[in-house]
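*Asks:* Need coordinates for the below:
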Amino acid sequence: MEQITLEKITYKNYVKTIWGLKVTPKQKHFVASNTGSLAEAYVALTNGGVALPFAICRNKKPIGFLMIGYGVSSEEDWEEDENPEFIEMAKKSYCLWRFMIDKRYQGRGYGRKAMELALEYMRSFPCGKADSIWLSYEPENEVAKKLYASFGFVEQPQWYKEGEEMPAILKL
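*Replies:* I've put the predicted structure just below:
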């Protein structure tokens with residue numbers, strides 16, 4: 001029986017998770033690299049932020065990566081033209097910061113199961129209470145758009161900037 005779990009990134013699994021997982025060439029511009037994501041996690045953590053990286057595992061073997069954030073470390077870290085309403089929302093929210101399934105495991109329902117687990121985890125408020133969960137994705141990424149919408153995420157076009165990712169929110 002297949003078991004999908006979220007596992008903390010450890011010395012035992014980080015090499016397989018960070019360098020062993022890839023998306024298709026067409027998907028490369030949809031998601032940051034896992035290496036870059038861990039670097040961002042480090043910067044967030046050393047600047048008072050929250051970054052929780054996880055390996056998505058199938059029977060203990062890494063098949064994907066996701067990272068959760070909480071609140072904002074400092075408003076100074078945001079772009080000068082960032083919408084103040086967006087920053088206020090982000091201050092009291094969880095963020096699905098990264099989400100990817102390796103190209104060899106896509107189309108089998110593992111992403112859906114991993115999303116269920118991630119939402120369950122965030123709804124347990126491991127870092128504190130929150131009003132919502134937000135994420136963003138490339139507007140042309142129809143697969144991500146459909147997946148997130150199926151869980152109740154609603155696009156926020158008022159915060160969308162041309163050439164950037166579309167933000168979406170799930171109210172808790």
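*Asks:* okay, CA-based contacts and neighbour counts for the rest of this
*Replies:* Noted.
*Asks:* Counting by contacts, list what the worst-scoring helix or strand of the chain on mean pLDDT packs against.
*Replies:* The least trusted helix or strand in the chain, going by mean pLDDT, DSSP states H and E, turns out to be helix 14-18, with a mean of 79. If contacts are counted by 3 or more CA pairs under 8 Å, 6 or more residues apart in numbering; DSSP states H and E, helix 14-18 sits against helix 34-46, strand 61-70.
*Asks:* What pairs with the last one, parallel or antiparallel?
*Replies:* Put plainly, it is strand 61-70. Taking DSSP bridges as the criterion, strand 61-70 forms sheet pairs with strand 51-58 (antiparallel), strand 93-101 (antiparallel).
*Asks:* Reformat the ones you listed as JSON lines; add mean pLDDT and mean neighbour count.
*Replies:* Formatted as JSON lines, the strands paired with strand 61-70 follow (pLDDT from 0 to 100; neighbours: other CA atoms under 10 Å):
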{"stretch": "strand 51-58", "mean pLDDT": "95", "mean neighbour count": "23"}
{"stretch": "strand 93-101", "mean pLDDT": "96", "mean neighbour count": "23"}
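*Asks:* would you list these in JSON lines and tack on distance to Pro126?
*Replies:* Below are the strands paired with strand 61-70 laid out as JSON lines (distance: least, CA to CA, whole Å):
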{"stretch": "strand 51-58", "distance to Pro126": "10"}
{"stretch": "strand 93-101", "distance to Pro126": "10"}
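*Asks:* Quick one: closest of those strands to Trp19.
*Replies:* Trp19 lies closest, by CA to CA, to one member of these: strand 51-58, at 12.0 Å.
*Asks:* of all the strands paired with strand 61-70, which lies closest to Ile133?
*Replies:* Taking these one by one with CA to CA, strand 93-101 is closest: 4.7 Å.
*Asks:* Can you give the contact residues for that closest one?
*Replies:* 21-23, 31-32, 37, 56, 63-71, 110-111, 122, 130-136 (CA atoms under 8 Å, 6 or more residues apart in numbering).
*Asks:* coming back round to it: from the chain's centre, how far out is the least confident helix or strand of the chain? Work that out for me.
*Replies:* 17 Å (CA atoms, centre = their mean, to the nearest Å).
*Asks:* Could you list the low-confidence segments of this structure?
*Replies:* 73-82 (pLDDT under 70).
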